[in-house]
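Asks: Okay, sequence plus prediction incoming.
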Amino acid sequence: MESSAPDPDTPNPATDPHAVEVRVMAVPEQLPVMRAVVGDLAMRADFDVDTIADLRLAVDEACSSLVRIASEQSPLVGRFRSAENLLEFTAEVTSPEASGPRTNTFSWRVLSALTDNVASSVREAGENADGHVVRIQLSKGRMVHE
């Protein structure tokens, strides 16, 4: 199942030179790919070691939450965007569930503690796909040393 096009608030690598998109199957074996990408982007953006570790863990936790509810054969789409002092990440899957990830779990508390902002959303997948597109968005700022 293919998820539909990203909304205007989602980093788009086709139009934004600071955006990167990674597509893998929504299976646990692919999560190291997302962790590696966020780690590399955070290092290149000069994030400190602790923040890089937080970002890796947050991306892993967000993707794990989505993999658990993903439809069979759904891709896990990760979109990364690094701005001057901020790294944004959006992950989405197609899911038969309309409820999205639960926000009253330990996993969600970890996400909230590791990031500056985290949110989830659910929308209909569209005409060409069954189910719902479930998305988690998070961001983390870089400490600026003056």
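Replies: Nice, I can see it. Numbering: from 1, shown residues only.

Asks: contacts and neighbour counts: CA atoms only from here.
Replies: Will do.

Asks: nearest spatial neighbour of Val67, skipping sequence neighbours?
Replies: Ala26 (5.2 Å; C-alpha to C-alpha, 6 or more residues apart in numbering).

Asks: Relative to Ile69, how far out is the one you found?
Replies: With the distance defined as C-alpha to C-alpha, to the nearest Å, Ala26 ends up 9 Å from Ile69.

Asks: Adjacent strands (with direction) for the helix or strand encompassing Val133?
Replies: Taking DSSP states H and E as the definition, Val133 sits inside strand 132-141. Looking at strand 132-141 with DSSP bridges, its paired strands and their directions are strand 86-95 (antiparallel), strand 117-124 (antiparallel).

Asks: What is the neighbour count of the nearest residue in space to Thr51 that is not next to it in sequence?
Replies: With C-alpha to C-alpha, 6+ apart as the criterion, Thr51 has its nearest non-adjacent residue at 7.4 Å, and that residue is Arg142. Arg142 is flanked by 17 other residues according to other C-alpha atoms under 10 Å.

Asks: swap in Met43?
Replies: Neighbourhood size, Met43 [other C-alpha under 10 Å]: 14.

Asks: and it, that one's in a helix?
Replies: Yes - according to DSSP: H, G, I helix; E, B strand; the rest coil, Met43 belongs to a helix.

Asks: In this structure it contacts Ile52, no?
Replies: Yes - judged on C-alpha atoms under 8 Å, Met43 makes contact with Ile52 at a distance of 7.0 Å.

Asks: joint contacts of these two?
Replies: Common neighbours of Met43 and Ile52, using C-alpha atoms under 8 Å, 6 or more residues apart in numbering, do not exist here.

Asks: Confirm for me that Arg56 is in contact with Val38.
Replies: Yes - contact between Arg56 and Val38 holds when scored by C-alpha under 8 Å: they sit 6.3 Å apart.
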